[in-house]
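Participant: could you work out the structure for the sequence below:
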Amino acid sequence: MEGFDWKQTIKINIVLLKIVGLWPGGDGTYECNFYTFYEIFSLLFIQISHIAVQTVNLIFILNDIQAVTGVIFALLMEILGMLKAYCLVTNMKMLKQLMITVNSDLFQPKSHRQRNLIQPNLDAWKAILTYLHQFVAINCISLVNVNIDSLIAALNMYIGAQFDILCDDVRHLHDDGEDAPVDVTQKLKKCVTHHREILKFAENVNYFYNWLIFSEFFVGGICIGMSMFQLSVVAPLSSEFYSFISYTVLISLQVFMYCWFGNKIELKSSQLPYAVFESDWTDLSPEVKKLLIIFTLRIAKPLKMSAFGLFYLSLETFVRVIFLEHLGLILHFFVKLMHENKIL
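Facilitator: Predicted coordinates for the structure are as follows:
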């Protein structure tokens, strides 16, 4: 029967240790070579120096108990990691010998039955790798969510900023330039072109995140509803209760962020007609006044971002969503109370 390689079960662990300089190649320990120099650099100049800086920082903030408690728990865990690395390095010769021993003939399973017997133990160890994978995956997914949400927020704020610029241009339509008197007609045409380009940009942005917004509201609504349902079945004031409360608040904040920035676009675009009236339009020629009236009629309707036109991104939409979700929770509590009192 083919020999069983015990080291194969920790292959990923060994590779990661090699990357950080804590596992020299072969069955030997550290020698005078490049890898040993890399290990010293990794420990001294990266890890120990970081801990030293954190320790010095801790000394300077000893008078601030809140800051100390916020730093010391992370610092202690980092020191613990260095102690583990020190133990690993100093006991490397023994550890390598253990790897040789575990792969010796004496430690080999003798039959398929014995292999099946030890498999649960190996699977239990591999669960640690599964948790590691989950940890990395959750962090990657969180980074994706945060960065995409930030990107959408940035695009919305680009639109809002452009409306601010356009409002300022319209408000100072009659102001002379620094070098020469301004041509009001040409400046008004530039404002019209600018407004048209903003609308085109907003349309493309809205097209980009149509599905993202729709999915966010759909999935977020389901998650909030399920979380509120769980609130009705868990023990009040328990750890699970507070977990679901926190989850509901965070998901609501994520939905609120989309509505907030969409609402900002609507508000900023609605300021354009007021900017026209704030400009010094009384001294303009009749021809320019006619153009200005047409432009005012064109910008009278504020820009609203939406998801496929099904709902607009506004604070009003957010209030409706939260109201419906809380209404469902209240109805659930009411029905549950009636069942407990045998009214239904």
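
Participant: now the helices for the stretch 151-300 of the chain?
Facilitator: 184-208, 210-233, 239-270, 272-278, 286-298 (DSSP state H, counting those that start in this stretch).

Participant: where among these is the average confidence lowest?
Facilitator: Mean pLDDT is lowest for helix 210-233 among the helices of the stretch 151-300 of the chain, at a mean of 75.

Participant: tilt between it and helix 239-270?
Facilitator: 150 degrees (axes from the mean of the first three to the mean of the last three Cα atoms, to 10 degrees).

Participant: now helix 210-233: buried residues?
Facilitator: By 16 or more other Cβ atoms under 10 Å, the buried positions in helix 210-233 come out as 210, 213, 216-217, 220, 223-225, 227-228, 231. Any C-beta I mention is one placed from the backbone N, CA and C, and that applies to glycine too.

Participant: repeat for stretch 268-280
Facilitator: 268-273, 275-276, 279.

Participant: now, among those residues, which is nearest to Lys96?
Facilitator: Comparing these against Lys96 with Cβ to Cβ picks out Lys268 as the nearest, at 66.3 Å.

Participant: what sits against that closest one?
Facilitator: Lys268 makes contacts with 160, 163-164, 167, as judged by Cβ atoms under 8 Å, 6 or more residues apart in numbering.

Participant: same thing but 7 Å
Facilitator: Counting by Cβ atoms under 7 Å, 6 or more residues apart in numbering, Lys268 makes contact with 160, 163-164.

Participant: identify, from those residues, the entry nearest to Lys289.
Facilitator: Closest approach between the contacts of Lys268 and Lys289, by Cβ to Cβ: Phe163, at 23.0 Å.

Participant: tell me how far that closest one lies from His194.
Facilitator: 10 Å (Cβ to Cβ, to the nearest Å).

Participant: sorry, back to before: out of the contacts of Lys268, who's the most crowded?
Facilitator: Phe163 (26 neighbours; other Cβ atoms under 10 Å).

Participant: report the separation between the spatially closest residue to Gln271 that is not a sequence neighbour and Met228.
Facilitator: Leaving aside its sequence neighbours, Gln271 sits nearest to Cys167 (Cβ to Cβ, 6 or more residues apart in numbering; 5.4 Å). Note on Cys167: its distance to Met228, by Cβ to Cβ, is 41 Å.

Participant: ditto for Ile40
Facilitator: Ile40 is 55 Å from Met228, by Cβ to Cβ.

Participant: partner residues bridging Tyr312?
Facilitator: Ser306 (DSSP bridges).
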